[in-house]
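Asks: A predicted structure for the sequence below; I have some questions about it.
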Amino acid sequence: MSKKIILGIAILIQFLNIGCQAQNDKKTMEQIISDIKSQVKTHSETPVYTVQMNKQGCKMVLEMQDNVDYRMVENNGESMMLPLNAMITKSGPQTAIVKIYPKDGDEFISKYAHVKLTFYHAPNKNSRLSEYKKITEFELPSGLEEKKLPYYETKIQFAATVPFDYSKELAEAKDLKTVPNIEQKVVQKYNEIRNACENFDSLAYNKYLVHSSALVYNTTYTSKEQIEEKETSGDLLALVDPQVKKRSFTPIQNYSVQYYANGKIVALWQKNHHPILHLKGEVASSKEGSEAKSFEAGDPIFLYLPKNAEGLQVW
């Protein structure tokens, strides 16, 4: 058999393998989308809760009691309107826990620390801005620098009425503080997810995030058609995007362990309060001839152990 024929056969086999892999990937993604949709309901009422967050001169963590948290932990000033629905477990009284830390390089909360939070409610997801009504607010007290505080915490109360309820799922989940070798198991799961990201395995990464994606879609009242469109758009999450070059992931070590929702949820964080699943790299500049720009991204991974599940899953 001539070398040309052998080469042709090899190319054909490679082509067929690529075609089979593409078909398998398509089926896997279809199953992921189906699993997400199965956890999303259609709601006749679509109330929205948000919080306008402004902070500077410090780091801030906003945790919803019986749920997870959101972090603004850059050293520079930050401002955003954060949708709260995905952090609300069920209707009823809500407690937001505000945690303030010094910025990097400061031992105590300084006189330059400023935080203002304004909570809003809108009757439905299509409400105009004028329909968003303020329900409560918080501003960091002045004079804290005189107390030399390395940490400040306060709680904010408000009521919410939502059409979803995740309290039963959390109630039935395992109390992670009672699980033997839980920290080892958490680190193992984080490393599994980190390895998928390192290998650009977007399918595996999306599979890990099925419950998390469904929770966001369900609490933001996303239609099945919109889910299909978004999940098949081809847009890649930053941690698995091959456009990021010279990638380096933070090792899953030297972390802090934090439990949420009475021990039903757990997460690992860097000592600087950033996600432990964290990437540094470079992306090409949009300007031709310009140098590549440094790039950082992190994904806060919250884990839980559902009823009858064999292992930890992403909340």
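Replies: Received it, and whenever you're ready, just let me know what you need. Predicted, not measured: the structure shown is a model, and the values here were computed from it.

Asks: how near is residue 123 to residue 89?
Replies: Counting by CB to CB, to the nearest Å, the separation of residue 123 from residue 89 is 21 Å. For every residue, glycine as well, the C-beta is placed using N, CA and C.

Asks: Ok, residue 276 next?
Replies: For residue 276 relative to residue 89 (CB to CB), the value is 24 Å.

Asks: for residue 206, same thing?
Replies: For residue 206, the distance to residue 89 (CB to CB) stands at 24 Å.

Asks: Look up the pLDDT of residue 20 for me, please.
Replies: Residue 20 is assigned 62 on the pLDDT scale.

Asks: meant to ask about residue 74
Replies: If you check residue 74, the pLDDT there is 94.

Asks: For residue 123 and residue 89, indicate the residue with more neighbours.
Replies: Comparing residue 123 with residue 89 by neighbour count (other CB atoms under 10 Å), the higher total belongs to residue 89, at 22 against 13.

Asks: Low-confidence ranges, the stretch 1-150 of the chain, go.
Replies: 1-22 (pLDDT under 70).

Asks: where along it do the strands fall?
Replies: Secondary structure of the stretch 1-150 of the chain (DSSP state E, counting those that start in this stretch): strands at 48-56, 59-64, 69-72, 78-83, 92-101, 114-122, 133-139.

Asks: closest one to residue 248 among these?
Replies: The closest of those to residue 248 is strand 69-72. By CB to CB, the value is 21.3 Å.

Asks: Pull the residues that contact that closest one.
Replies: Contact with strand 69-72 is made by 53, 55, 59-63, 78, 80, 82, 87, 97, 260, 273-274, 300, as judged by CB atoms under 8 Å, 6 or more residues apart in numbering.

Asks: Stretch 299-313 too?
Replies: Residues contacting stretch 299-313 (CB under 8 Å, 6+ apart): 68, 71, 169-170, 172-174, 176, 179, 185-186, 189-190, 193, 208, 211-212, 237, 239, 260, 264-268, 275-277, 314-315.

Asks: Please tell me how far that stretch is from the chain's geometric centre.
Replies: Centre-to-centre, stretch 299-313 and its host chain are 14 Å apart (CA atoms, centre = their mean, to the nearest Å).

Asks: Could you give me the buried positions within it?
Replies: Neighbour counts over stretch 299-313 (16 or more other CB atoms under 10 Å) mark 299, 300, 301, 302, 303, 304, 305, 306, 312, 313 as buried.

Asks: what's the average pLDDT for stretch 256-275?
Replies: Stretch 256-275 comes out at a mean pLDDT of 97.

Asks: outside of it, which residues touch it?
Replies: With contact meaning CB under 8 Å, 6+ apart, stretch 256-275 is reached by 59, 61, 63, 66-69, 71, 73, 89, 101, 104, 170, 173-178, 182-183, 186-187, 190, 250, 252, 254-255, 276, 278, 298-304, 315.

Asks: Turn the buried ones among those residues into a named ChimeraX selection, would you?
Replies: Here is the ChimeraX command that selects the buried residues among the contacts of stretch 256-275 (16+ other CB under 10 Å):
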select :59,61,63,66,67,68,69,71,73,89,101,170,173,174,176,182,186,187,190,250,252,255,276,278,298,299,300,301,302,303,304,315
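
Asks: quick revisit: tabulate the buried residues of stretch 299-313 in TSV, adding columns for secondary structure, distance to residue 129 and pLDDT.
Replies: As requested, those are exported to TSV (DSSP: H, G, I helix; E, B strand; the rest coil; distance: CB to CB, whole Å; pLDDT from 0 to 100):
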residue	secondary structure	distance to residue 129	pLDDT
299	coil	30	95
300	coil	28	97
301	coil	33	98
302	coil	31	98
303	strand	36	98
304	strand	35	98
305	coil	41	98
306	coil	38	97
312	coil	40	98
313	strand	37	98
